[in-house]
Structure formats: C-alpha cells, structure tokens
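Colleague: here is a sequence together with a model predicted from it:
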Amino acid sequence: MHRRLFIVTSTIVSFLVISSFAQLPQFEQPIKPDASLSLLAIGDWGRKGTFNQSLVAKQMGRIGEELGIDFVISVGDNFYDAGLIDVYDKSFEESFTNIYTAKSLQKQWYAVLGNHDYRGNAVAQLDPILRDIDKRWLCLRSFMVNTDIAQFFFIDTTPFVKKYWKHPKKNHYDWRGVAPRKKYISKVLKDLEIALSESTSIWKVVVGHHTIRSVSEHGDTDELVDMLLPMLEASNFGVDLYMNGHDHCLEHISSDDSPIQFLTTGGGSKAWRGIFNPNKVDTLRLFYDGQGFISLQLTKTDAKVVYYDVDGNVIHTWSRTKDCCHPYI
C-alpha cells in the first residue's frame, strides 16, 4: 500500500497526514502520563474582548489551571462579524492572542470555521502564517485529533447549510476550496465515515460549528439532521459526543435513540438572552441563555462534562462510565 507520511513537530503537537484509507488530516495530541486528558471548549467568541469575552477568558484560565488542561477546542465563529480580512488582520491578535493570555490557555487550540468566519477571508484562518503569529492556533476545514484514549473528528459544517449559498448579495461567503457544494459535502461525509469505521478509540467526539439539536435561535440544522446525524447515530461507529456552537448559549441535549450527547458551547461572548424555542428535542438537560464554556475530562473508563457561566460557576454536569474499554490502535 502506498503511504505518504509527513511529520512536523513542535513542543505541543505533531502533524500526521497518512494517505491511505482515512483522508482527513490527523494530529497527534499528547495527554497526561496517567492516560487522562482534559480540555475546554468555547465558541462564538471573537469580539476583541467585548460582550464579556474577556470575562469568559479569565474564567477559562482559572478552570484551565485547576484541571491542567491539555488543549482547547474552538467550535467556530472565531472572529466577528465577518471573519478575518487577511492573515495580517489585527483582529486575530485583538480577539485571540491578547484575550486568552492565562498561562493555562497557552496550549494547542484546535478550531473549525463558523458561518461568520466564511463571511470573511476563510482561507486566511487556515493559513500557517497565523501559527507563526501565535503558535497555539490550528484551524482546518475538517480534520482529526488522536489521543491514546479519544479521537476528535472536526467537521466543516457551514457548506452544508443551503441558505448561505442562495443569497450571495446579502452576505458574501468565501467558498474557495469548497464549491461545488454537493461534491464537497459528499467528500466530507465519506471521509468522516471512513475515519469513524476505522476508529477503535474508547471515546469518539465529533466537533462542528452548527447545531444538530438546539432549542435556541437557530434550532436544529436540518441539513445536518438529514445528512450527518444518521451517521453519528450508527451503532457500529460509537460516537459519544457532538460539540457545537452557532447558538449563543449553553445547551445539553441527550439523544433518546442513541448514546450521543449534544453539547452547545456558543457562549464565548455575545449571548442571546431569553431566546428559547423548544422544537423537536430529545431530552433537554440544560438550557442557559448566557455566556460561558464547557470542560471535558476523559479517562479510559469515565467521561465528565462541566458547564460554567461567565463567573466560572458550575451550572451543570454530566458523566458517563463505560463498562469495558477497547484497546486504542
């Protein structure tokens, strides 16, 4: 079998791309010597510190130190209101580097693009030049992060949503490297299907910007419910969590048909107060219409999710224990 292997090392993460079955770029993430890992997840944040972004960042730093986090996940809408202009846009430093300054947050950040990022120069956020400006930053369209006990599958969800393609004069979207839509979506889904089918990881976490299940402003994303959810719910794939942003709130919804937990962490800055629109949900465990973030702690047998508000108060927790573990290969 023909394989191409490229490794770029740093003090935090190594980059591994294997041209074999799985086509998603893969990153190897070290975890703690006791085979546990912890992380923070945040979305919809980049407003140069306003709308309580700086306050959320301060509490992320505190919680990050308490947990000894290994990395941070950004679920998209990284820079408002329309992404970055180019790789030298000062918004990158004003909304990211100068805001998340706590020592505990000087870890790798894995980010996906949101719909507001696509309204600007989406390609700029993917450019390695930004990693030269701030080595924490790593953003791709779709990719995987591998650890000894968990795999994280980051999916580019914005191109799935039809309405973004229908009104180009209302909002410009940077579809370079994406169009035509159907072909791109087909490849994303196929790559994810292959990656999930090959995975033997104990825990599987899928990350995207858009909601699958939500009771806030945007509600369910129909295209993801139709095209992505059936794959995530397939019993042979064993997906545990779906993390997203898009709705500016904190939510936890449990599937009634599968073990999947839908975790919305879109409270990084501007929150939508009072917008509660219950539609078809499974089991609503948390709806909080304010700013905040979540943490995820994993071991070989246990998972724990904690939701924090803007003051760092714990507002919700969820945990799961697995009876048996499969060896990670």
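Modeller: Here it is on my side, so go on. As the structure is a computational prediction, the values presented were derived from the model and not from experiment.

Colleague: surely Asp311 forms part of a helix?
Modeller: No: the assignment for Asp311 (DSSP: H, G, I helix; E, B strand; the rest coil) gives coil, which keeps it out of a helix.

Colleague: now it: closest residue in space that isn't a chain neighbour?
Modeller: Distances taken as Cβ to Cβ, 6 or more residues apart in numbering put Gln59 closest to Asp311, at 6.7 Å, once the chain neighbours are dropped. Placement of C-beta: from N, CA and C, glycine included.

Colleague: which stretches in the chain count as helices?
Modeller: Taking DSSP state H as the test, the helices found in the chain are 53-67, 91-92, 115-118, 122-126, 129-133, 163-166, 181-198, 222-227, 229-232.

Colleague: pull the residues that contact the second one.
Modeller: Around helix 91-92, the neighbours that count as contacts under Cβ atoms under 8 Å, 6 or more residues apart in numbering are 46, 48, 79, 84-85, 130, 133-134, 137.

Colleague: what subset of those residues is buried?
Modeller: 46, 48, 79, 84, 130, 137 (16 or more other Cβ atoms under 10 Å).

Colleague: what's the closest of the residues you listed to Met227?
Modeller: Phe79 (27.0 Å; Cβ to Cβ).

Colleague: show me what contacts that closest one?
Modeller: When contacts are counted by Cβ under 8 Å, 6+ apart, Phe79 touches 46, 89, 91-92, 95-96, 116-117, 120, 125.

Colleague: skipping adjacent residues, who's closest to it in space?
Modeller: Nearest to Phe79 is Gly46, by Cβ to Cβ, 6+ apart, at 3.9 Å.

Colleague: reformat the helices of the chain as JSON lines; add distance to His210.
Modeller: Supplementary listing: those in JSON lines, determined by distance: least, Cβ to Cβ, whole Å:
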{"stretch": "helix 53-67", "distance to His210": "21"}
{"stretch": "helix 91-92", "distance to His210": "22"}
{"stretch": "helix 115-118", "distance to His210": "8"}
{"stretch": "helix 122-126", "distance to His210": "15"}
{"stretch": "helix 129-133", "distance to His210": "23"}
{"stretch": "helix 163-166", "distance to His210": "10"}
{"stretch": "helix 181-198", "distance to His210": "13"}
{"stretch": "helix 222-227", "distance to His210": "6"}
{"stretch": "helix 229-232", "distance to His210": "12"}
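
Colleague: which of those sits closest to Gln151?
Modeller: Once the helices of the chain are compared by Cβ to Cβ, helix 181-198 is nearest, at 8.0 Å.

Colleague: what lies in contact with that closest one?
Modeller: With Cβ under 8 Å, 6+ apart, helix 181-198 has contacts from 21-24, 142, 144, 151, 153, 155-156, 159-160, 165, 175, 178, 204, 206, 227-228, 231, 234, 236-237, 239.

Colleague: lowest-scoring secondary structure element of this structure by mean pLDDT?
Modeller: Least confident helix or strand of the chain, by mean pLDDT, DSSP states H and E, is strand 5-8 with a mean of 32.

Colleague: I'd guessed Tyr199 sits against Phe152; true?
Modeller: Check again: residue 199 is Ser, not Tyr. No: Ser199 is beyond contact range of Phe152, at 10.6 Å (criterion: Cβ atoms under 8 Å).

Colleague: backbone dihedrals for Val280, please?
Modeller: In this structure residue 280 is Lys, not Val. phi -80, psi 100 (degrees, to the nearest 10).

Colleague: what sits opposite Ala41 in the beta ladder?
Modeller: Ile73, Ile294 (DSSP bridges).

Colleague: tell me how far the closest residue to Arg141 other than its chain neighbours lies from Arg181.
Modeller: Excluding the flanking residues, the one nearest Arg141 by Cβ to Cβ, 6+ apart is Asp156, at 4.0 Å. For Asp156, the distance to Arg181 equals 12 Å [Cβ to Cβ, to the nearest Å].

Colleague: so for these two, which sits in the more crowded spot?
Modeller: Each of Asp156 and Arg181 has its neighbours counted (other Cβ atoms under 10 Å); Asp156 has more, 24 against 15.

Colleague: so what's that one up against?
Modeller: Listed by Cβ under 8 Å, 6+ apart, the contact set of Asp156 reads 112-113, 141-142, 178, 188, 208.

Colleague: quick check: the farthest pair among those residues?
Modeller: For the contacts of Asp156, and using Cβ to Cβ, no pair is farther apart than Val178 and Gly208, which are 14.9 Å apart.

Colleague: for Lys190, grab the count of nearby residues.
Modeller: 11.

Colleague: below-threshold pLDDT in this protein: ranges please.
Modeller: 1-22, 168-169, 324-329 (pLDDT under 70).

Colleague: switch the cut-off to 50
Modeller: For the chain, the stretches with pLDDT under 50 are 1-21, 325-329.

Colleague: point to the residue nearest the middle of it.
Modeller: Val75 (3.3 Å; Cα atoms, centre = their mean).
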